[in-house]
Every structure is written in C-alpha cells, then in structure tokens.
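# Could you work out the structure for the sequence below:
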Amino acid sequence: MGRGMDRREFLTLSAMGGAVCLGLPRLFAAEPVVKPPKIISPGCRRTKVRVAKLYLGKPGAHWPVPTMKLEEEMKDYEAKFAEMGKEFADVDFAVNQLVTKPEQARELKEKLKDVDGILAIHLSMGVTGELGELMGAGRPIMLYAAPYSGHEWTSFGRLMKAKDSTLLDCLLTTDTKELAAAVRPFRAIHHLREAKILNVTKRALPEGYLKAIKGKFGTEIVAVSREQTLDAYNAIPDAEAEAEAKRWIEGADKVVEPQNDEIVKSAKLALAMQKLLDDNDATMITIDCYGTMWRQLPAYPCIGHARLNNMGLGGMCESDLPSCMTQILFQGLAGKPGFVNDPTMDCSRNAIILAHCMGTPKMDGPDGPTEKYRLRSVMERQEGCVCQVFMQVGKKATTAELIGTDTLLYFTGEIIESPDVPRGCRTKMTIRVDGDAEKLWQNWSSGLHRVTCYGNLLKDLQRFCRFTSIKMVNEA
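The predicted model follows:
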C-alpha cells in the first residue's frame, strides 16, 4: 500500500478473498481446530494457587479487647474475602482455620508442605509462639496485622532481618484490600512452577540455564522444531485464519503497510502458536524470529505473540528466555503481560524510550481495555505484520529483567508519551524515570532487552524476591 488505509477501506478491498468463507453460514460447521484456551488466571492454565489461611489469636487476650470473640472476628474477615471473590478466584485456601495454641500450629506442618504460601491474620496479642511454629514450616508467610491486634508488631522487623527469616513479610494496615496483595507473591511462585515455555529455534538450548531455572522455580523450557511449527500451521483451516485476520483488521485503528494475504498468514501462524501450546500443555512460546527462524516460517510471529498475551498466555520475541521468565513473573504478580523492548535514552527529560515492533493491545490484562493499535510492518525489516500499540500516557510502569536465577534488575517510572515517529520500532513508550536517567544508562548491564508492565509493582517484586532469595538491583 502506498498510503495508510482506515479499516473500512481495507475491509472493502479485501472482501473478495474472504466473502465466501466468512460471509456464508455453514450448515455443518466443523469443530474449530483452535478453541479458546482454558486459563485459570493470566499466566497459568493448570491448577489453582494453594494458600493456607490461618487466623492467629488468643481467647481473652488484653489487646484488642478481652471480650473479643475470635470466631466472630474470623467471620468478619471471611466476609471481606467473599466481597473480594474475584481477587481470589484462582486461589484454593487449602487450609482455613483459627489457631490459638502453638501446638495447633505445630500439628499443621504436614498440611503446609504442599501450599504455595501461608496467609496469617493477626487477631490478638499473645501469638508469638504460634508464629514461630509457622515459620518453622519452611513456607513463605505473609502476615496481615491490623492496628490494635497486639504488640507483636514491635518484633516483626527484627524477625524479618534475621538470616533465617527470609520467608516472612508483613502488612500492617487497616486496608483489607491488601489481603489480595498478600497472595500475589504466592501466585507468582505458583505460576513459575506451573509454567512451560516452548522455544521455536534451531539453536541448542542452554542446558545449564534450563537446569538452574527448573531447579529453582520449577519452570520447564523445551525446544520446538520448525517442522512441528509448520505442521501446526498447516493444520489450521483457511477459514479460521481468515476469520482471525478479520478480527485483527476490524479492531485496528488503521491498516498501514500489510496486505491482506500477509495479515491472513500472520493470523494463521497465530492460531498455530496456540495449537502448539495446547498440544504441549504449555503456557508461553518464544520464537527465534531474528535468528534461525528468520524467513523460515510463513509469517512473522508478532500477531501470534500479541494474541497470546491478550488471552493471558504468553508470547515473547527472539527466543529471549530471561524475558519470558520476567513476563511470567509479571503475570503472576499483576495479571498483566509485559512489553519486551529495546530501550534508548532521553536524559533531557530524565526519560527512557522503550521500543519494539511487537506491541500487545491488552496491556491491562485479558479483562482490561484494548489499547488503540494499528497494523504495521516490522520497522527494521519493512515486511511482515505487527501491532503498533499506543500505550496509556499517565500510567505508572515497572521495567525489569530476571538475570539468571538470583538477580532482578528493575526501575519504575511514569509513561509520559507514546511516540508515533518513523524511527526505531513501531510500538514505543517514553517513561520518566523514578530516579536518575543518567545513572540508569551508566548502570546498564546484561544485554539490551527489558520487560515493562503497567503499574508500580515494586512492593510485589520485593516480596517475591524476598521469598525466593533474589537480589534486586535498581538500575536508576
């Protein structure tokens, strides 16, 4: 195309090729090859997060008040959990009970072995013994303590600083919505353990990295061949590919460079990528699109990556395994996909510009709004089909990269612009850094890519990293 078209013009010109298969009803429609995936929560499709919810209190304790009925207090909290049901839809409270004696906590240890974490709710003073027993169970503990619950808070800081207490973190607040925040690190731990990443490449996978990732987080990474990918592509009926292409065209603000056949091929590969995930019970796929798979597949995988991210599964560019791990972490903590990017600096605005051709329209998660997007070519190659996504100005954002198994590089900031300029990659966001942009570029290490997620996730990342013995490094 010599100029940009709006989608009405594009659909009119492309209708000839798709009218027969899209516009006429089929009396005996075949079962679609690719069905909507079963997803428990963004990033996870297998099992629920298992949490032990334990209420800690002593009958007749002086604080908050000797006449307090522990069972009634527990009921009040249970009502709060019910009100926030959506926040816990993917959580199985495998243990849910009142604990009033250290012996009770000790007897629970066997049941606690299989949970992802313990949510302990402090009801009254006098629970130091119970908390000590729970800390001996070896599971991550989030302790929620409202004001007046007791004087034990004076020892929480000391407990958290102890060398053997990295599995304890605390929330001291009246805000019961923080109970939802308390389970986020458990969710991330669970999602990483349940995750399976497919890597479409001819390269040999780094065995040491795979073994280390599997050993620490439980994440499985397996190679997928070009032939397997082509088999999945050829299994997708043309009618399904046409229908998928039509959805992307209709949702776009504008179709600029890609021709209809390019969009259809991209849509067909997108459906094939989901089929590969389904067939392998996997949650994420990455393709060596700038390496061994460049021009080895019928289309660029960018629409397929964006589509999976929109759904709550995962697609990542360039066989970038550390970025895959970072995105799974973000999905566990925030329920939102990441935006992998090639950064460039603008210190005059204390800012960094994050750019990549593949953008995801549903950056706020599968149930969130769809950002405005255009269908474009890959900027650097001047071919293929990608989503140019316009990010939300004013949003807080967190950028990170998990390096190996023990270091997380990160910085936070605010999106101040979503540039639309013919330089760099198609999708861009300019972030005013919380900190010093000069220090950011001077501290830069570990390659180019970073992954950015909507929201300030610093507290969530700190809790996750505490529980998993990961060092956090603020690059800014």
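# Could you pull up the contacting residues of the residue positioned nearest the centre of the chain?
With distances taken as CA atoms, centre = their mean, Gln331 lies nearest the centre of the chain, 1.6 Å away. Residues near Gln331 by CB atoms under 8 Å, 6 or more residues apart in numbering: 42-44, 191, 312, 314, 337-338. C-beta: built from backbone N, CA, C; applies to glycine.
# Now do the SS call for it.
For Gln331, the secondary structure call by DSSP: H, G, I helix; E, B strand; the rest coil comes out as helix.
# Widest-spaced pair of the contacts of Gln331?
The most widely separated members of the contacts of Gln331, counting by CB to CB, are Cys44 and Gly338 (15.5 Å).
# the more surrounded of these two?
Neighbours were tallied for Cys44 and for Gly338 using other CB atoms under 10 Å; the higher tally belongs to Gly338 (28 against 24).
# so what's the more buried one scoring on pLDDT?
Residue-level confidence at Gly338 comes out at 98, pLDDT.
# And the closest residue to Phe467 other than its chain neighbours, how close does it get to Glu31?
Take Phe467 and drop its neighbours on the chain: the residue closest to it by CB to CB, 6 or more residues apart in numbering is Pro140, 4.1 Å away. Per CB to CB, to the nearest Å, Pro140 is found 43 Å from Glu31.
# and the residue nearest to Phe467, how many neighbours does it have?
Residues near Pro140, counting by other CB under 10 Å: 23.
# Which residues are in contact with it?
Contact analysis of Pro140 by CB under 8 Å, 6+ apart lists 116-118, 167, 169, 185-186, 189, 467.
# rewinding a little: quick check, nearest of the contacts of Gln331 to Ala272?
Distance to Ala272, by CB to CB, is smallest for Gly314 among the contacts of Gln331, at 15.8 Å.
# List the beta-bridge partners for the closest one.
Applying DSSP bridges to Gly314 gives these bridge partners: Met284.
# from memory it sits against Gln327, does it?
Yes: counting by CB atoms under 8 Å, Gln327 is a contact partner of Gly314 at 5.6 Å.
# What is the neighbour count of His62?
Neighbour count for His62, taken as other CB under 10 Å: 12.
# so for the lengthiest strand in the chain, what's the average pLDDT?
With secondary structure taken from DSSP state E, the chain has its longest strand at strand 407-417. For strand 407-417, mean pLDDT is 98.
# quick revisit: need the per-residue pLDDT for the residue nearest to Phe467.
Looking at Pro140, its pLDDT reads 97.
# Angles on the backbone of it, please.
Torsion angles at Pro140 (phi, psi; degrees, to the nearest 10) stand at phi -60, psi 140.
# Repeat that for Ile39.
Phi and psi for Ile39, reported as degrees, to the nearest 10, are phi -130, psi 120.
# Just to check, it is in contact with Gly312?
Yes: counting by CB under 8 Å, Gly312 is a contact partner of Ile39 at 4.7 Å.
# Look up the closest residue to Val421, ignoring the ones flanking it.
Spatial nearest neighbour of Val421, chain neighbours left out: Lys428 (7.7 Å); criterion: CB to CB, 6+ apart.
# Run through the strands of the stretch 101-250 of the chain in chain order.
Ranges of strands in the stretch 101-250 of the chain, per DSSP state E, counting those that start in this stretch, are 117-122, 141-145, 168-172, 196-200, 220-224.
# Within the sheet, what are the partner strands of the last one, with directions?
Pairing partners of strand 220-224, with direction, according to DSSP bridges: strand 196-200 (parallel).
# quick one: contacts of the longest strand of the chain?
So strand 407-417 is contacted by 349, 351-352, 391-403, 429-435, 440, 445-446, 450, 456-458, 461, 465, 470-476 (CB under 8 Å, 6+ apart).
# go with 6 Å
Identification of contacts with strand 407-417 by CB atoms under 6 Å, 6 or more residues apart in numbering yields 391, 393, 395-402, 429-434, 456, 458, 465, 470-473, 475-476.
# how many neighbours does Val264 have?
25.
# Could you tell me which residues make contact with the closest residue to it other than its chain neighbours?
Using CB to CB, 6+ apart and skipping residues adjacent in sequence, the residue nearest Val264 is Ala245, 4.5 Å away. By CB under 6 Å, 6+ apart, the contact set of Ala245 is 263-264, 267.
# what about 8 Å?
Residues near Ala245 by CB under 8 Å, 6+ apart: 18, 260, 263-264, 266-267.
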